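Engineer: Need a 3D model of the following:
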Amino acid sequence: MNTHISQENMIGFLLTTPMFEDLEPREISEITHIVETLKYAAGDIIFNEGDPGDAWYAIYSGQVEVIKQTNSDEKTIKTLEPHSCFGEIAILDGLPRSATIRTTKETVVLRIPLEKFKELLDEDHLVAHKLIKHMALILANRQRSSTEALSRLLLANELSNVQKGIREIVGESSIRE
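Structural biologist: Numbers count the residues shown, from 1 in each chain. Prediction:
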């Protein structure tokens, strides 16, 4: 369901959200016209694992859980709070969603549609290129952290901790898609 957030509140929120922290207020105001504001009830699915990656999101209020489907069950691998972004990998690789996102309480998200974001890139808006660079840096940091954690786990040679450790690594490295 669509809801309304004033442009002033949206800009203030985005300035304090890590994905947008390197942008100037005027740059953020350049993209607010493509941002959709959506409200979800507790337990709503924002998208399912395997869905097309058609947008990325920032949590304005509320909370979501990142869920991975197993053979016969589902596992929550991470809970995300306000100012967290998710779905940004779809902006970069265009592949289907790697996890399901479900709200745990009433939640408001800012949705940035892939098609509108691509238009900004095609029009060479500097703000779109800055966001892509920041996404790449965030993803590189996640990959570096995952590699270091996996290396420590394997070097420890404690097989009893491997499953737990790998679960934590997966939760850190792929949760935002």
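Engineer: Flag every buried residue along stretch 11-19.
Structural biologist: Across stretch 11-19, burial judged by 16 or more other CB atoms under 10 Å covers Ile11, Phe13, Leu14, Thr17, Met19. Glycine gets a C-beta too; all of them are placed from N, C-alpha and C.
Engineer: Same list (these) but as a markdown table, adding secondary structure, distance to Ile132 and pLDDT.
Structural biologist: Formatted as a markdown table, the buried residues of stretch 11-19 follow (DSSP: H, G, I helix; E, B strand; the rest coil; distance: CB to CB, whole Å; pLDDT from 0 to 100):
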| residue | secondary structure | distance to Ile132 | pLDDT |
| --- | --- | --- | --- |
| Ile11 | helix | 20 | 93 |
| Phe13 | helix | 21 | 95 |
| Leu14 | helix | 16 | 94 |
| Thr17 | coil | 16 | 94 |
| Met19 | helix | 11 | 91 |
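Engineer: which one of these is nearest Asn2?
Structural biologist: Nearest to Asn2 among those: Phe13, at 16.9 Å, using CB to CB.
Engineer: chain center to the helix or strand harbouring Thr147, what's the gap?
Structural biologist: Assigned by DSSP states H and E, Thr147 belongs to helix 126-156. Offset of helix 126-156 from its chain centre (CA atoms, centre = their mean, to the nearest Å): 13 Å.
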